[in-house]
Each structure stands twice: as structure tokens, then as C-alpha cells.
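Asker: next input, structure requested:
(2 chains)
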Amino acid sequence: MSADRIFGSKIFLVILLIIGSLAVILPIYWLVITAVMPPQLRGAFPLPMLILTLSFETFAFVFNLGLLNYLMNSIIVAIGTAVFCTIIGSLAAYSFAKVRFPLKYIFLMLPLLSRMVPDVGIAVPLIETFHRLGLSDTYLGLILVHSLLALPIVIWIMTSLFEEVPNDLLEAGEIDGCTKLQVFYRIAMPLVAPGISTSMIFCFLISWDELLFSMMLMTTKLTVPAFMSQYISYPQYPYVMAISIFLLIPAFIFTFVFQRYIRAGIMAGAVKG
Amino acid sequence: MNPKRREAIFGLALALPAVVYIVAMMIYPLGYLIDLSFSSGLEYYEYIFRDAMFGDAVVFTLAIALGSVAMELCFGFIAALMLSKDFKGRGFIRSLYILPWAIPTVASAFLWRYVFSNMGWFNSLLAHFGSNAMTNWLIEQPYIPLLIAESWKMTPLVMLILLAGLQSIPRDLIESSHVDGATAVQSFFHITLPLMVPVIVSALVVRLVDALRIFTSAWIITGGGGIYPVLGTYIVRLYRHGLLGPSAAASIMLVLIVAFSVAVLTYVNRRMAER
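Answerer: Below is the predicted model:
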């Protein structure tokens, strides 16, 4: 059999697909069974690859540590980031896509620039400034920082969507007596409604995932990642994995329910980034 | 007021909140950072260049970034090629392959730290297959857990970018090459791969810029930097030890490394586009 017959054959494809699936599933499986493993098995070596009895003691334990509080903090900050970014991001995106004005081409560079500057590179001056402004350990402070990471993507997604809105529609609105602002929020915004939810999900997931600023800025109102990072010295893995499960549930749900939109958003980021 | 002027004011007013926000949160901190790093002349730069750990951190960061991006491109390309074929259950497999990317970084980092810990899953797996060697990966070979954690999580993203590229190649082009007698391997190297170069380069740029700023997975897996810091964890550790000036100088170096990589990649991309 020639080389490309093998390469193109079904068996080869199936074997590769199985290897790929195992590489994805096995680590996630380990994560889950570590959280539900009965306590007497935890110190065993080698660790069992199959467990027959489940224990949910870890979940009770992490809730006693105040996980609910940290989840609430994460949700508040993530929603705040989504709302803030979507508002200022779609205003800017509309002006980039549909309005002629001076300095536009300089302004267009800004999201690209902020995507290129590494977050950990400007963490030190930002955190110093936030301490001085009294914004450390506040939801507002963390929302403002997380928005920095999410805003470029919102601007790119929304700009490409506004560009698709036909100009005739907007002009017709103006002829009918709408002001430019009314055209924006009465005609253009409803047309890009699906894009608004995409960009909000992106913001939510970025904020939900963020560790650096969450652990540097917050001392009492910890988000879930910041709370977990307290375990880096001596991690008690079963409990850490139990918290992980709560962290990944919303991420999985959003990623799957909105898969199509998220793929479109990735492309917007990949092309511009 | 004439309409043109009105439109200009309208546009500026819409863009203003985002512009002011980015300037305040990005341009101002950059200026402040430069100011901080030079606030005692060159002393803080001398400090980090005399610190052996800084040099190690630069090398380790570059090694992780290049290594993980290379693995992501390699496995991402294979996965994208598979998913560009038609087969039953393709949608399901694609969703499955996106899973690692959907896992929050902190969770996946702790997971891989546990997998590679002394009595962890990886050594257990080896033991089930009869190996007795108990390597302490995290301490002896921290590069490997970090490399695998990073590329495991980010390969799906590269896969999605490459898959979109593959799907934009017209099918007739490949089919007509088959009619002309090209083998699958030939049409891959002569048609698919050349057409994919721009997509590969854009995936490379996106990933490399992110990989150089690696922080979260390194912080978790090396337990706060340990003796093998990357630049991100090195900066945070200096800052936490109250060494504000040196941490600012190290931040400047990171910003410069990223800017330099972007410049090089943009230049290479232009040169290739000209050809």
C-alpha cells in the first residue's frame, strides 16, 4: 500500500481520532474522579484508574470554606466586565464602522495595541495606581482591570458586525427624522443583538478565568481563581479539583451553548490580532 | 453647523469612552512603568541583569513559548486536517476537542500539577504499565508539565483557526489536482500547505504574543515561581518582595520582548506576502 493510501485510509483516521479523544478525556476524567474519590484511596499509589464508590465529602468541605461567596464575587465581576465592555465597546465599534471622523485611524490602533501589550507587563504600575486610588479590593477596580483584557475582542466583534449593517437602512432612519444617536440605538443595535450576546459571553469567560489581577488586587473579595491560588504551596488536590468543577461548569455551558458564536469571535480576534 | 462637522463630533463622542479608558489603563501605566524603572537611573536594570534568575527566566519563558506554540501548531494542524474530512460524528468530535480550551486556566493548571506530581496520575499510569521509576516531574523536569499544560489547553484554539483556514480552501482545487494525477500527499504539500501559510502565521502571531506573557499556569504549576520562574512569575515575585523598581525594569524587558517578536513576525509575514 502506498504512503498516501495509508494516510488517507479510514483506519488511520479512526486511530488518530481515538488518540486525540483520549488526550482530551483522560485528564478531565482524572480531574473529576480526584474530586469524588473515597478518602481512603487518596494516598494510594498507583492511583486507581477506575473507582467504584464515589464520595461527595469534598463538595461539602469546599462549601464550608465559603465557596459560595467566592463564586458570587466571580459572577459579579464577570457580569460587570461584560456590561461595561459591551457598552463602551459597541459605542466605539459603531463609530469605527459607520461614522467618518478625524483621528479614527489612530483610535483604531488602540485596541490592537492593548491586545499586544502583555497584561503581566503593566500589572505593576496598574496595581500601584489602583492602590493609590483606593480601588483595590473593590468590585469596580477588578471590573475595570478585567475589561482591559476583554475590550479589544468586543470592539473587533462588534465592528465587524456593524460593518454588515446596510447603510441604506441607517440613512432611511435619518430621513425619517431620527437623530444619529437614535439611529444607533433604535436601528443598528437591534440588528446586531446576537453579536452583543457573543461579546458578553467572551467578556464573562475572560473575567471568569483571570488570576493575576484577581489575586494581586483583591484581599477579601476573592474570586474563585484567586481563592484557589491560595493553595499553591500545599495543594490538597481533592478539594482543589472539587472547586475546579464549579469553576468549569459555567465555562463548559457557555462554550457549548454558544459554540458557533464563540468560533466566530475567535476568528475576529485571530484576524485582527 | 454643517453635517460633516456634526458627523465628526458624533463619531468622536462615541469613540471617546473606549479611547479614554484604553489611554488611562494602558498608555498611562506604560509611561508610569518607564518612569518607575528609571527612577534611580540604571540601578534597577543593573539589579535584574546581575540577578542570575532573570536570565534563567528569559530563557525559560522563550523555551516555553516556542515549545508550546510549536506543539500547538503541530497537533492543532493534525486535528484540523482530521476535522476537515467528512465523517459521522464530526460535530461531536469537534465539540470534544474544544473542551480543554473551555477549562479555566487555574483549574487546568492544578490538574496538570497533580497529574505530574510525585504520586500523581502520570506516574500511576506508568506504574500500571509496569514501570517502577517514580520521577518527580515538577521538581526535576518542570519544563515538561508546563509545556504539556500550556499546549493541552491552547491546541483547540489553534485547531479552530486552522480549521477555518482549511475550510476556506476551495474543494475543486484539491479535487482537480487528483484528476491531474496528484497523490493525496502531493496535493497536500503543493496546494493545501502553501495556501495555509498566511493562516498558520496569523495563528502563530496570536499564540506567541499570548504564550510569552504566560503567568497563570506557571504560577500554579511551579508553586509561585519556584526556582524556575518565567518572566511573568519573576515580575510578580519581585513586586511581592517589595522590589518595585526591579519589577518595573523586568516588566519593561517583557514588554520589549513581546514588541520585538511582533515586529519580527510582522516583517516575516510581509516578506512572505510579497513573494
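Asker: give the contact list for the closest residue to B:Ile148 other than its chain neighbours.
Answerer: Closest residue to B:Ile148 in three dimensions, ignoring its sequence neighbours and counting by Cβ to Cβ, 6 or more residues apart in numbering or on different chains: B:Trp112, at 6.4 Å. C-beta coordinates here come from the backbone N, C-alpha and C atoms, glycine included. Neighbouring residues of B:Trp112 by Cβ atoms under 8 Å, 6 or more residues apart in numbering or on different chains: A:Pro27, B:Pro145, B:Ile148, B:Ala149, B:Trp152, B:Ser217, B:Ile221.
Asker: B:Ala263: which of those residues is nearest?
Answerer: B:Ser217 (26.2 Å; Cβ to Cβ).
Asker: please tell me how far the closest residue to chain A within the stretch 1-150 of chain B sits from A:His146.
Answerer: Closest to chain A within the stretch 1-150 of chain B is B:Gly11: 3.0 Å, counting by Cβ to the nearest Cβ. Per Cβ to Cβ, to the nearest Å, B:Gly11 is found 27 Å from A:His146.
Asker: tell me which of the two has more neighbours.
Answerer: Set B:Gly11 next to A:His146 and count neighbours by other Cβ atoms under 10 Å in any protein chain shown: A:His146 wins out with 29 against 23.
Asker: secondary structure element holding that one?
Answerer: Using DSSP states H and E, A:His146 maps to helix A:139-164.
Asker: buried ones in the helix or strand following that helix?
Answerer: Where DSSP H and E defines the elements, the next helix or strand beyond helix A:139-164 is helix A:167-175. Judged by neighbour count (16 or more other Cβ atoms under 10 Å in any protein chain shown), helix A:167-175 contains these buried residues: A:Leu170, A:Gly173.
Asker: again, but for stretch A:126-142
Answerer: Buried residues in stretch A:126-142 (16+ other Cβ under 10 Å): A:Leu126, A:Ile127, A:Glu128, A:Thr129, A:Phe130, A:Leu135, A:Ser136, A:Tyr139, A:Gly141, A:Leu142.
Asker: ok, those residues vs chain B, which is closest?
Answerer: Distances from chain B to those, taken by Cβ to the nearest Cβ, are shortest for A:Leu126, at 4.9 Å.
Asker: which helix or strand contains the closest one?
Answerer: Using DSSP H and E, A:Leu126 sits in helix A:123-132.
Asker: residue closest to the middle of chain B?
Answerer: Nearest to the mean C-alpha position of chain B, counting by Cα atoms, centre = their mean, stands B:Ala211 at 2.7 Å.
Asker: buried stuff in the strand or helix carrying A:Ala23?
Answerer: Assessed by DSSP H and E, A:Ala23 sits inside helix A:10-36. Neighbour counts over helix A:10-36 (16+ other Cβ under 10 Å) mark A:17, A:20, A:23-24, A:27-28, A:30-36 as buried.
Asker: got it, and stretch B:179-197?
Answerer: In terms of neighbour count (16+ other Cβ under 10 Å), stretch B:179-197 has its buried residues at B:Ala182, B:Thr183, B:Ala184, B:Ser187, B:Phe188, B:Ile191, B:Thr192, B:Leu195, B:Met196.
Asker: and the first one, how far from B:Arg171?
Answerer: Counting by Cβ to Cβ, the gap from B:Ala182 to B:Arg171 is 14 Å.
Asker: just to revisit the earlier point, am I right that the residue of the stretch 1-150 of chain B closest to chain A is in a helix?
Answerer: Yes. Assignment of B:Gly11 by DSSP: H, G, I helix; E, B strand; the rest coil places it within a helix.
Asker: before we move on, back to that, flag every buried residue along the helix holding A:His146.
Answerer: When burial is assessed from 16+ other Cβ under 10 Å, helix A:139-164 yields the following buried residues: A:139, A:141-162.
Asker: now that helix against helix A:123-132, angle please.
Answerer: Helix A:139-164 runs at 120 degrees relative to helix A:123-132, counting by axes from the mean of the first three to the mean of the last three Cα atoms, to 10 degrees.
Asker: which other helices and strands does helix A:139-164 contact?
Answerer: Counting contacts by 3 or more Cβ pairs under 8 Å, 6 or more residues apart in numbering or on different chains; DSSP states H and E, helix A:139-164 packs against helix A:67-98, helix A:104-116, helix A:123-132, helix A:193-209, helix A:212-217, helix A:259-272, helix B:3-22.
Asker: I'd like these laid out as a markdown table, including distance to A:Leu170 and mean pLDDT.
Answerer: Converted to a markdown table, those look like this (distance: least, Cβ to Cβ, whole Å; pLDDT from 0 to 100):
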| stretch | distance to A:Leu170 | mean pLDDT |
| --- | --- | --- |
| helix A:67-98 | 7 | 96 |
| helix A:104-116 | 17 | 88 |
| helix A:123-132 | 38 | 95 |
| helix A:193-209 | 16 | 90 |
| helix A:212-217 | 38 | 95 |
| helix A:259-272 | 22 | 70 |
| helix B:3-22 | 12 | 92 |
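Asker: deepest-packed of these, please.
Answerer: helix A:212-217 (a mean of 24; mean count of other Cβ atoms under 10 Å in any protein chain shown).
Asker: by contact count, what packs against that one?
Answerer: For helix A:212-217, the elements it packs on are helix A:123-132, helix A:139-164, helix A:224-229, helix B:231-240, judged by 3+ Cβ pairs under 8 Å, 6+ apart.
Asker: any chance of the ones you listed in JSON lines, with distance to B:Ser84 too?
Answerer: Below are the helices and strands packed on helix A:212-217 laid out as JSON lines (distance: least, Cβ to Cβ, whole Å):
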{"stretch": "helix A:123-132", "distance to B:Ser84": "40"}
{"stretch": "helix A:139-164", "distance to B:Ser84": "24"}
{"stretch": "helix A:224-229", "distance to B:Ser84": "35"}
{"stretch": "helix B:231-240", "distance to B:Ser84": "35"}
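Asker: which one, of those helices, ends up nearest to A:Asn69?
Answerer: Of all the helices and strands packed on helix A:212-217, helix A:224-229 sits nearest to A:Asn69, with 8.8 Å by Cβ to Cβ.
Asker: would you mind saying which of the helices and strands packed on helix A:212-217 lies nearest B:Ser177?
Answerer: Minimum separation from B:Ser177 across the helices and strands packed on helix A:212-217 (Cβ to Cβ) falls at helix A:139-164, 32.8 Å.
Asker: how far does the closest one sit from the chain's center?
Answerer: Averaging C-alpha positions (Cα atoms, centre = their mean, to the nearest Å) puts helix A:139-164 11 Å from its chain's average.
Asker: run the angle between that helix and helix A:67-98 for me.
Answerer: Going by the same axes, to 10 degrees, helix A:139-164 makes 40 degrees with helix A:67-98.
Asker: residue of chain A with the smallest distance to chain B?
Answerer: A:Phe101 (3.0 Å).
Asker: test my guess that B:Ser247 contacts B:Ile235.
Answerer: Yes. Counting by Cβ atoms under 8 Å, B:Ser247 does reach B:Ile235; the two are 5.2 Å apart.
Asker: more crowded one of those two?
Answerer: B:Ile235 (31 against 27).
Asker: sorry, back to before: mind putting the helices and strands packed on helix A:139-164 into TSV with distance to B:Leu231?
Answerer: Shown next, in TSV, are those (distance: least, Cβ to Cβ, whole Å):
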stretch	distance to B:Leu231
helix A:67-98	26
helix A:104-116	16
helix A:123-132	12
helix A:193-209	20
helix A:212-217	13
helix A:259-272	23
helix B:3-22	24
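Asker: which one of those lies closest to B:Val255?
Answerer: Among those, the nearest to B:Val255 by Cβ to Cβ is helix A:104-116 (9.2 Å).
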